[in-house]
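Student: My questions are about this predicted structure, shown below with the sequence.
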Amino acid sequence: MIEVQELTKRYGDKTAVDGLTFTVKPGIVTGFLGPNGAGKSTTMRMILGLDRPTSGTATVNGRPFADHPDPLYQAGALLDAKAVHTGRSAYHHLLALAATTGVPSARVNEVIDLVGLRQVARKRVGGFSLGMGQRLGIASALLADPQIVILDEPTNGLDPEGVLWIRNLMRDLAARGRTVFVSSHLMSEMALTAEHLIVIGKGRLIADVSMNEFIDQAARDSVRVRSPHTSQLRSLVSGPDVTTLSAEPGVLEITGRPAAEIGEIAARAGITLHELTTVRPSLEEAFMELTKDTVEYHATLTGATR
Amino acid sequence: MSTLAPAPAHALVPHRRVTPARVVRSEWIKFWSLRSTITTLAVAVALLVGVGLIAASVYTGQASTNPGQNGATDPVSASLTGMTFAQLAFGALGVLFMSGEYGTGQIRSTLSAVPKRLPVLWAKIAVFAGVVFTISLAAAAITFTAGQALIGDAGASWGDTGVIRAVIGTAVVLTGSGILGIALGALLRSTPAAITALFGVLFLLTGVVELLLPDSWSNVLQYLPSNVTSAITAVTHASGSLTPAAGLAVFLGYLAAVTGGAAWRLKRSDV
């Protein structure tokens, strides 16, 4: 369990994290979502006591992380794939971490096998690819088989097989009652693993909802209509809360009226319809819809995804 | 790399606390698992012994001139001349041991494992002091013994007054210089900045102050780092310098002050 209360971090006059309050529960994967620069990494570093909050508190299993006598058993983290001395081997890096809290060297070999680094474990980390560094970071996070696993953008630099493996690993950890807190700037990635979402933008909390609620809340369904008489239909369905877009000739995207209602209107006017489909917004669209109010980030988002 | 194991079976991991001894063990592993450690230690020993033996062999020619009046012309300090050079190497090793953590990002892994932070600094100092004191004491003893053999009849022996103190003092100064490097590394968090600061303090400061200081203030000079370290290792007490005991006290005072600053920064600052 991670509890964050009114957490704020300012660097000079820039506010990176602004009054965040949320709880991350055990037994599920909680996605921590936000555009680049939204304050995700800073929040994670504050949870682990690496950065000092300007105000507010963050606790891990009921206490500030640093107050635990056995921190690595409480929470393991992948914060930065490159948080490793480049001159040391992966094995010795893990062995040194393990030694701080009496984790046996057999467990070091076990996590090395788990992340698939056996062949390169004795090589210097300086020669590792981003993906290998990421695997080593995940090995460090899992070293003491902690209650809480915090992963900052874990799929960065991983090949598709590695991405799949991470997803399964996170689900498995959650199934074993662990608290799994994983950040990403990609909604599509979260959709496949997270049951709960915490969305931030500009350091502020935007949403703290289950995945399903998030989709419902974030964007309304639209209806795609294909008809030879779109201009006539367009004026008939118009109303105060209705928006109509025409992406291509003969096709309307109508938001604000359910498909049944549109069908009725068309039938009454004798308009032929070739297609009448309710369109659920994609998660990516829902995410953009939700964060578009922070104008600055809307621009960033469209730039990044289009 | 190509095959990935399935998600972890419930591994048997005993639940143990972080203790000072475990942090020391961790730092011991870190210290010896870098190739640069071995290289730098070898260079340091080579400098201490090599320069000492060269100075000792040159000394034989000057042995008759006024011994005892000047530090450079007594046979004990001649054989230990390499200390200044070895200080550079051990100092750099100390800096790297700490600042390497910041340069590479390792510090975030380290402090995630030991979030109370200060045990890391104490453990680094303990590991470093243990290793470097042992090695430099052995090297100083060897260079003294071999140096006196080169000097021959004019040489000192282990039984002479102040010899044991000078040899141990050399190891103390070398170890202390390295600890100063660790502290500066933690304080400045940058290898170039810490190495520059270390060399500036150990070697350049005295010369600069000597140039700038008015004559009436000249008794300040004996408290400057390079004069303090000379006082600790001197066999013969020169006028205008501290006694070995006072020198040691001042040296430890400097170390405590810089280490205190390092501890404060480590505890307070974001990483």
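Tutor: In hand now; what should we look at?
Student: What residues does the stretch 101-250 of chain A have near chain B?
Tutor: Proximity of the stretch 101-250 of chain A to chain B (C-beta under 8 Å from any C-beta of the partner chain) is limited to residues A:101-104, A:107, A:110-111, A:113-117, A:119-120, A:132, A:140, A:142, A:144-145, A:161-162, A:165, A:168-169, A:172-173, A:176. Where C-beta positions appear, they are placed from N, C-alpha and C, glycine not excepted.
Student: Sitting in strands, which of those do you find?
Tutor: Among these, DSSP state E puts none in strands.
Student: so where is the stretch 1-150 of chain B shaky, pLDDT-wise?
Tutor: B:1-12, B:60-73 (pLDDT under 70).
Student: again, only using 80
Tutor: Counting by pLDDT under 80, the ranges of the stretch 1-150 of chain B that qualify are B:1-14, B:60-73.
Student: Please, where are all the strands along the stretch 201-306 of chain A?
Tutor: Taking DSSP state E, counting those that start in this stretch as the test, the strands found in the stretch 201-306 of chain A are A:204-210, A:222-226, A:243-248, A:251-255, A:275-279.
Student: any idea which of the ones you listed is most buried?
Tutor: strand A:222-226 (a mean of 20; mean count of other C-beta atoms under 10 Å in any protein chain shown).
Student: looking at the strands of the stretch 201-306 of chain A, which one has the lowest mean pLDDT?
Tutor: The minimum mean pLDDT among the strands of the stretch 201-306 of chain A belongs to strand A:243-248 (a mean of 83).
Student: so what strands line up beside that one?
Tutor: According to DSSP bridges, strand A:243-248 forms sheet pairs with strand A:251-255 (antiparallel).
Student: How far does the partner strand sit from its chain's centre?
Tutor: For strand A:251-255, the separation from the chain centroid amounts to 30 Å (computed by C-alpha atoms, centre = their mean, to the nearest Å).
Student: now do stretch A:132-152
Tutor: 17 Å.
Student: thinking again about what came up before, check the residues of the stretch 101-250 of chain A next to chain B for burial and list the buried ones.
Tutor: For those, a neighbour count by 16 or more other C-beta atoms under 10 Å in any protein chain shown gives the buried set as A:101-103, A:107, A:110-111, A:113-117, A:120, A:132, A:140, A:142, A:144-145, A:162, A:165, A:169, A:173.
Student: wait, is residue A:23 part of a strand?
Tutor: Yes: assessed by DSSP: H, G, I helix; E, B strand; the rest coil, residue A:23 belongs to a strand.
Student: For it, which residues count as its bridge partners?
Tutor: residue A:3.
Student: mind checking pLDDT for it?
Tutor: pLDDT, residue A:23: 97.
Student: my read: it touches residue A:3, true?
Tutor: Yes: assessed by C-beta atoms under 8 Å, residue A:23 is found in contact with residue A:3 at 5.2 Å.
Student: still on that earlier bit, so of the residues of the stretch 101-250 of chain A next to chain B, which ones are in helices?
Tutor: A:107, A:110-111, A:113-114, A:132, A:140, A:142, A:161-162, A:165, A:168-169, A:172-173 (DSSP state H).
Student: mind listing the helices for the chain?
Tutor: You didn't say which chain, so I picked chain A. Assigned by DSSP H, the helices in chain A fall at A:40-47, A:71-74, A:90-99, A:105-114, A:130-142, A:160-175, A:187-191, A:211-218, A:230-237, A:259-269, A:283-291, A:295-305.
Student: Chain B, not that one
Tutor: Going by DSSP H, chain B shows helices at B:20-32, B:35-62, B:75-79, B:83-104, B:106-113, B:118-151, B:163-188, B:191-199, B:205-212, B:225-233, B:244-268.
Student: Could you say which of those helices is packed most deeply?
Tutor: The stretch of these with the highest mean neighbour count (mean count of other C-beta under 10 Å) is helix B:75-79, at a mean of 28.
Student: Identify the residues contacting the closest residue to residue A:133 other than its chain neighbours.
Tutor: Nearest residue to residue A:133, sequence neighbours excluded (C-beta to C-beta, 6 or more residues apart in numbering or on different chains): residue A:81, at 3.8 Å. By C-beta atoms under 8 Å, 6 or more residues apart in numbering or on different chains, the residues touching residue A:81 are A:130, A:133-134, A:136-137, A:156-157.
Student: For my notes, please list these in a markdown table and give neighbour count and pLDDT for each entry.
Tutor: What follows is the contacts of residue A:81, written out as a markdown table (neighbours: other C-beta atoms under 10 Å in any protein chain shown; pLDDT from 0 to 100):
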| residue | neighbour count | pLDDT |
| --- | --- | --- |
| A:130 | 12 | 89 |
| A:133 | 22 | 93 |
| A:134 | 25 | 93 |
| A:136 | 28 | 95 |
| A:137 | 25 | 95 |
| A:156 | 16 | 86 |
| A:157 | 16 | 84 |
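Student: And those, which two are furthest apart?
Tutor: A:136 and A:156 (13.0 Å; C-beta to C-beta).
Student: on that earlier part again, show me the one of the helices of chain A that comes nearest residue B:81.
Tutor: Per C-beta to C-beta, nearest to residue B:81 of the helices of chain A: helix A:90-99, 36.7 Å.
Student: Which elements pack onto that closest one?
Tutor: Helix A:90-99 is packed against helix A:105-114, helix A:130-142, helix B:20-32, helix B:106-113, with contacts defined by 3 or more C-beta pairs under 8 Å, 6 or more residues apart in numbering or on different chains; DSSP states H and E.
Student: just checking, residue A:71 touches residue B:115?
Tutor: Yes: contact criterion C-beta under 8 Å: residue A:71 and residue B:115 qualify, at 5.2 Å.
Student: Give the residues shared as contacts by the two.
Tutor: residue A:65.
Student: okay, the two: which has more neighbours?
Tutor: Using other C-beta atoms under 10 Å in any protein chain shown as the criterion, residue A:71 and residue B:115 rank with residue A:71 on top: 27 against 23.
Student: Relative to residue A:42, how far out is that one?
Tutor: Counting by C-beta to C-beta, to the nearest Å, the gap from residue A:71 to residue A:42 is 20 Å.
Student: which one of the contacts of residue A:81 is nearest chain B?
Tutor: residue A:137 (8.4 Å; C-beta to the nearest C-beta).
Student: Skip the chain neighbours and tell me the closest residue to residue 147.
Tutor: Unless you meant another one, I'm taking chain A. Residue A:147 sits nearest to residue A:74 (C-beta to C-beta, 6+ apart), 5.7 Å away.
Student: that's the wrong chain, I wanted chain B
Tutor: Using C-beta to C-beta, 6+ apart, the nearest residue to residue B:147 is residue B:79, at 2.5 Å.
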